[in-house]
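*Asks:* here is my input, please return the structure:
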Amino acid sequence: MLMPLTAALARSVRAALAPFRRRGRAAGAPMERPYPWEKSYPAGVEWSAVFEARPLTRLLDDAVAAWPDNFCLSFRGRRTRYRDVARMVDRAAKGFQALGVGKGIKVGLMLPNTPYTVICFYAVLKAGGTVVNINPLYAEREIERQIADSGLCILVTLNMKRLYRKVAPRVQGDERLERIVVCSMSDVLRFPEKVLFDLLKRREVAAIPKDDRHLPFDKLIDNDGEFDAAVIDPETDVAVLQYTGGTTGFPKAVRLTHANLYANAKQLEMWAPDIRPGEEKILGVLPLFHAFGMTAVMNLGLGIGAELILLPHFKSTEVLATIDQEKPTIFIGVPTMFSALNAARDIADYDLSSLGFCISGGAPLAIDIHRRFEERTGCILVEGYGLSETGPVCTVNPIDVGRRPGSAGLPLPATVIEITALDNPECVLGLGDRGEVCVSGPQVMAGYANRAKENIDIFRGGRLHTGDIGYLDDDGYLYVVDRIKDLILSAGFNVYPRMVEEVIHLHPAVEEVAVCGVPDRHRGEIVKAFVKLGDGEELTAGDLRGFLKDKLAPFQMPRKIEFRDSLPKTLIGKISKKDLIAEDAAGRLEPAPEPAPTAGT
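*Replies:* Predicted structure coming up:
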């Protein structure tokens, strides 16, 4: 956004004063209907919709009943129909029950995107258990802590060395982990790929002990599938323990009930009234172990009878080739994925016309990334907002008419977004005022596991406090400005990193950027920009500051600019500011390296 000095100063002053404004609303008074976003709703969508509390497994059961012969899963070219997926889920459910899975029993899934992920997820739920999603890219120590924190006693993983070696020590030394179900990677591949895998990848396959604590997946499902149907109370029974990203400490286990996740899938389905049940194909490269992938790819996909095209890793060329060849109609991703596709020089060589729309979430979507993607692909891209604690989706831009780049969109049906004062969480602010984003709705979690104090803090006033700074405009669109903990306080001024990032993104040479606050003796904090340039691009710090001079106020201007070949990412592809800040702190303790000739630092 282009903004002269006076406008920037005025905006900062308004933001500073926002917590003290009441706009006629009594402290603590909730918003009342009609909500401002209702007038902006897409045609055919009603905010007042009621979502029944149902077991999450109803999504799969209803899809199997409606479209048994439709393809459900596609993995490396091997496609499986809904009826066949249902049989495997039932057999796996009986196998899990034979291992003791039932109410209150937690089963960890440490799997990349494969058919096993979908089958075991729904099988555990049908058996009456609770799924614990574990990121397979975590280090051994992190996995150990989550096993202990969650209390899981059964773990499902692949027979690949890079995964199994992380949990093997737990089998030998941790009596709490009773069993590991081991899935064979080659068994889910087509015959030609299976032969090549067995020949070329055999050194990557782990040697699995043949003992009572290890159970091959094919043995788990070696039964008739006649499991004992669990009696589920959707409003109280926890379907999933979903760990947060851990950006402010050890990840917390979010307790998501069957009703939470069922409602969120149905909210998303309702939000796109032009969706064609039984005819869509969703590209599933977003990890299913992450809340966004679990809900917006897997649960939504199964709920509408879509075919899930699963990819275990994001690689731009593979994603483009998959869109070209398998013709998905919906693509759910995070901003770095769309940025990477923008940077693909051969993107015009692929046919992307099958895509009806794409949704970006998980992190703020820079307006320039948004614009470039739509220009290069001709596909609609809309931004949404959410967090693990809300199932995770809270707001989404309208798919067709009414999209507003830079906004996180409108609250989903039955969802209320309120903005509360930063210095008084009971005070609900008016439209246009910045404060903490708070959420109420059927998708909001039941609380954190084993975190009584955190539960009191996050549910102050009966609302879920997100820790994000934002505001609602007059039409009810949410704008997320930044994380409260990311706000930079420099010489008495509030600097919002996202605002600075948006402006830096306007430079055509910039591919990725992260703005952070770093300690400074004089100002408290100063603004530092970490910048990755596009392939073949050159830019100096002086040139970039010259470009920014008329677009940022002096207090917003990055005092330090560091050019990097790459920026660290979280395990779902978000830029990790926590790692950047840690690396910067470590660098200040060491002699500064000579600046690169082309970086100008």
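
*Asks:* count residues in the vicinity of residue 500, would you?
*Replies:* 23 (other C-beta atoms under 10 Å). The way it works is simple: take the backbone N, C-alpha and C, and place the C-beta from them, glycine included.

*Asks:* can you map out the helices along the stretch 151-300 of the chain?
*Replies:* Using DSSP state H, counting those that start in this stretch, the helices found in the stretch 151-300 of the chain span residues 161-173, 191-200, 217-220, 258-271, 291-292, 300-303.

*Asks:* between those helices, which gets nearest to residue 548?
*Replies:* helix 291-292 (31.8 Å; C-beta to C-beta).

*Asks:* distance between that closest one and the chain's centre?
*Replies:* 4 Å (C-alpha atoms, centre = their mean, to the nearest Å).

*Asks:* any weak-confidence spans in the stretch 151-300 of the chain?
*Replies:* 172-174, 191, 194-195, 197-200, 246-249 (pLDDT under 70).

*Asks:* what about the strands in it?
*Replies:* With strands called from DSSP state E, counting those that start in this stretch, the stretch 151-300 of the chain shows them at 154-158, 179-183, 214-216, 238-243, 253-257, 281-284.

*Asks:* out of the ones you listed, which is closest to residue 460?
*Replies:* strand 253-257 (17.4 Å).

*Asks:* the closest one pairs with which strands, parallel or anti?
*Replies:* The strands that strand 253-257 pairs with in its sheet are strand 238-243 (antiparallel), strand 447-448 (antiparallel) (by DSSP bridges).

*Asks:* tell me which of those strands sits nearest to residue 75.
*Replies:* So among those, strand 238-243 is nearest, using C-beta to C-beta, at 22.1 Å.

*Asks:* what angle separates that closest one from helix 258-271?
*Replies:* Comparing the axes of strand 238-243 and helix 258-271 via axes from the mean of the first three to the mean of the last three C-alpha atoms, to 10 degrees yields an angle of 80 degrees.

*Asks:* alpha carbons only: can I get strand 238-243 in PDB?
*Replies:* Extracted in PDB, the C-alpha atoms of strand 238-243 (Å, rounded to 0.1, in the frame of the first residue of the first chain):
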ATOM      1  CA  VAL A 238     -12.700 -35.200  21.400                       C
ATOM      2  CA  ALA A 239     -12.000 -36.300  17.800                       C
ATOM      3  CA  VAL A 240      -8.500 -34.800  17.400                       C
ATOM      4  CA  LEU A 241      -5.700 -33.500  19.600                       C
ATOM      5  CA  GLN A 242      -4.200 -30.900  17.200                       C
ATOM      6  CA  TYR A 243      -0.900 -29.400  18.400                       C
END
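
*Asks:* sketch out the low-pLDDT regions of the stretch 351-500 of the chain for me.
*Replies:* 492.

*Asks:* tell me the most buried of the strands paired with strand 253-257?
*Replies:* Highest mean neighbour count of these: strand 238-243, a mean of 25 (counted as mean count of other C-beta atoms under 10 Å).

*Asks:* domain map for this structure?
*Replies:* What automatic domain parsing lists as the domains of the chain is 8-56+259-480, 76-233, 487-588.

*Asks:* confirm residue 532 sits in a strand?
*Replies:* Yes: assessed by DSSP: H, G, I helix; E, B strand; the rest coil, residue 532 belongs to a strand.

*Asks:* who does it form a beta bridge with?
*Replies:* Residues in beta-bridge contact with residue 532 (DSSP bridges): residue 512, residue 564.

*Asks:* residue 339 belongs to a helix, doesn't it?
*Replies:* Yes: counting by three-state DSSP, one finds residue 339 located in a helix.

*Asks:* which helix in the protein has the most residues?
*Replies:* Ordering each helix of the chain by length in residues (DSSP state H) puts helix 82-98 first.

*Asks:* now do the contacts for residue 139.
*Replies:* Contacts for residue 139 (C-beta atoms under 8 Å, 6 or more residues apart in numbering) come out as residue 166.

*Asks:* ok, residue 549 next?
*Replies:* For residue 549, the contacting residues are residue 557, by C-beta under 8 Å, 6+ apart.

*Asks:* pLDDT on stretch 514-525, on average?
*Replies:* Mean pLDDT, stretch 514-525: 86.

*Asks:* endpoints of it, how far apart?
*Replies:* 16 Å (C-alpha to C-alpha, to the nearest Å).

*Asks:* export the strands paired with strand 253-257 to JSON lines and tack on distance to residue 418?
*Replies:* Shown next, in JSON lines, are the strands paired with strand 253-257 (distance: least, C-beta to C-beta, whole Å):
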{"stretch": "strand 238-243", "distance to residue 418": "24"}
{"stretch": "strand 447-448", "distance to residue 418": "19"}
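
*Asks:* nearest to residue 313, of those?
*Replies:* Ranking the strands paired with strand 253-257 by proximity to residue 313 (C-beta to C-beta) places strand 238-243 first, at 20.5 Å.

*Asks:* and residue 98, how many neighbours?
*Replies:* Neighbours of residue 98 under the rule other C-beta under 10 Å: 13.

*Asks:* oh, I was asking about residue 570
*Replies:* Neighbour count for residue 570, taken as other C-beta under 10 Å: 21.

*Asks:* can you pull the contacts of it?
*Replies:* Residue 570 neighbours (C-beta under 8 Å, 6+ apart): 245, 576.

*Asks:* tell me the spacing between it and residue 461.
*Replies:* Remark: distance between residue 570 and residue 461 (C-beta to C-beta, to the nearest Å) = 30 Å.

*Asks:* hmm, residue 318 and residue 340 touching each other?
*Replies:* No: counting by C-beta atoms under 8 Å, residue 340 does not reach residue 318; the two are 11.3 Å apart.

*Asks:* many thanks, I have nothing further to ask.
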